[in-house]
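Colleague: what follows is a protein structure lacking sequence information:
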């Protein structure tokens, strides 16, 4: 199997900036637009691994494209087009330094906090008596600050507004958009036989209005469990079946790695890479209802550059 797309190093016409994130290579065009190339890199616990998950970038881009189209009548977004299976063209907006996380299931960080006695998360109190993967009484919003380096930090909704990180009117709009996205995401996931546990959203401002600014309901920004048998497994307190990056996180934790300072991350074995790839593709197919057609890697860099160049030419 091919090793996948690890990174790009393009120089585009009218390019005015470049940023390499954990998973995405972002090219600024004319100061006003972003070409976001989603690679096959994988990160967990704030660590970017040397191994790639083949076609992961295509999966993430395809799901986001599907979601942006689904929500374009109800939630304004910075998305403009998808010129290549690994590329989105976005309007450059002023992104608020907040990750808006909506949760309805005790998984991931929320569970790790809960099992050690924590009952407050971003100022929201969790009920007693829950076990891992239990559903919460209703979805809750648990924001964090968006950290460029290191771990994100919990912040309450009140602190967001009072600190001036987000104007009150915009936060109220963001809150409404996030809950709408999440509720509709629950319905889309259930239609595909999955349970949406939590999801992360990012928003920004452009010309005084709030815009959705990042990926939506992808396996990197949301957690899904297989719905079939969920309630029976929960009643027996059996492990649930994760269909997202949580599978990789759990493997890493079994190796004793959780992103500790100065810790060396273990290499991802081929069987973990292959299983992760299959789960990513499964999520794509369950969400979109379409068969996944993996692209060829033979001329991928040439294809991406040519399509991005054509997209730039069409900009005003």
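Modeller: Here it is on my side, so go on. Because the structure is a prediction, the values reported are computed rather than measured.
Colleague: in this protein, which residue is closest to the centre?
Modeller: residue 221 (2.0 Å; CA atoms, centre = their mean).
Colleague: the nearest residue to that residue once chain neighbours are set aside - how many residues pack around it?
Modeller: Take residue 221 and drop its neighbours on the chain: the residue closest to it by CB to CB, 6 or more residues apart in numbering is residue 200, 4.6 Å away. Heads up, the C-betas are built off the backbone N, CA and C, glycines and all. For residue 200, the count of nearby residues is 23 (other CB atoms under 10 Å).
Colleague: residue 200 falls within a helix, correct?
Modeller: No. With DSSP: H, G, I helix; E, B strand; the rest coil as the criterion, residue 200 is strand rather than part of a helix.
Colleague: can you pull out the strands in the stretch 51-200 of the chain?
Modeller: 79-84, 87-91, 94-95, 98-105, 120-121, 124-125, 135-141, 144-145, 194-201 (DSSP state E, counting those that start in this stretch).
Colleague: rewinding a little: got the contact list for the residue nearest to residue 221?
Modeller: 99, 100, 101, 221, 222 (CB atoms under 8 Å, 6 or more residues apart in numbering).
Colleague: show me what contacts residue 178?
Modeller: By CB under 8 Å, 6+ apart, the neighbours of residue 178 are 100, 102, 141, 201.
Colleague: residue 132 now?
Modeller: 106, 107, 111, 115.
Colleague: is it true that the first one touches residue 134?
Modeller: Yes. Assessed by CB atoms under 8 Å, residue 106 is found in contact with residue 134 at 4.9 Å.
Colleague: quick check: residue 225 is in a strand.
Modeller: Yes. Under three-state DSSP, residue 225 falls within a strand.
Colleague: number of residues surrounding it?
Modeller: 23.
Colleague: distance of it relative to residue 106?
Modeller: Applying CB to CB, to the nearest Å, the value for residue 225 to residue 106 is 11 Å.
Colleague: what do the two both touch?
Modeller: residue 133.
Colleague: if we can go back for a sec, for the contacts of residue 132, work out which two are farthest apart.
Modeller: Within those, 107 and 115 form the most distant pair, 11.4 Å apart (CB to CB).
Colleague: between these two, which is the more surrounded one?
Modeller: residue 107 (23 against 12).
Colleague: skip the chain neighbours and tell me the closest residue to that one.
Modeller: residue 197 (4.8 Å).
Colleague: redo the contacts of residue 178 as CSV? Include distance to residue 59.
Modeller: Output for the contacts of residue 178, formatted as CSV (distance: CB to CB, whole Å):
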residue, distance to residue 59
100, 23
102, 22
141, 27
201, 19
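Colleague: which of those residues sits closest to residue 236?
Modeller: The closest of these, once distances to residue 236 are taken by CB to CB, is residue 102, at 27.6 Å.
Colleague: pLDDT score assigned to residue 251?
Modeller: We have a pLDDT of 95 for residue 251.
Colleague: now it: which helix or strand?
Modeller: Using DSSP states H and E, residue 251 falls within helix 246-254.
Colleague: what residues does that helix touch?
Modeller: Against helix 246-254 from outside (CB under 8 Å, 6+ apart): 42, 44-45, 107-108, 223, 242, 258, 265-266, 268, 272, 275-276, 279.
Colleague: what of stretch 138-148?
Modeller: Contacts of stretch 138-148 (CB under 8 Å, 6+ apart): 95-104, 110, 121-122, 124, 152-157, 160, 165, 175, 178-179, 182-183, 202.
Colleague: wait, residue 41 touches residue 52, no?
Modeller: Yes. Contact criterion CB under 8 Å: residue 41 and residue 52 qualify, at 6.1 Å.
Colleague: give the residues shared as contacts by the two.
Modeller: residue 6.
Colleague: ok so, going back, which one of residue 106 and residue 134 has more residues nearby?
Modeller: Neighbours per residue (other CB under 10 Å) separate residue 106 from residue 134, with residue 106 holding more: 22 against 16.
Colleague: no further questions, thank you.
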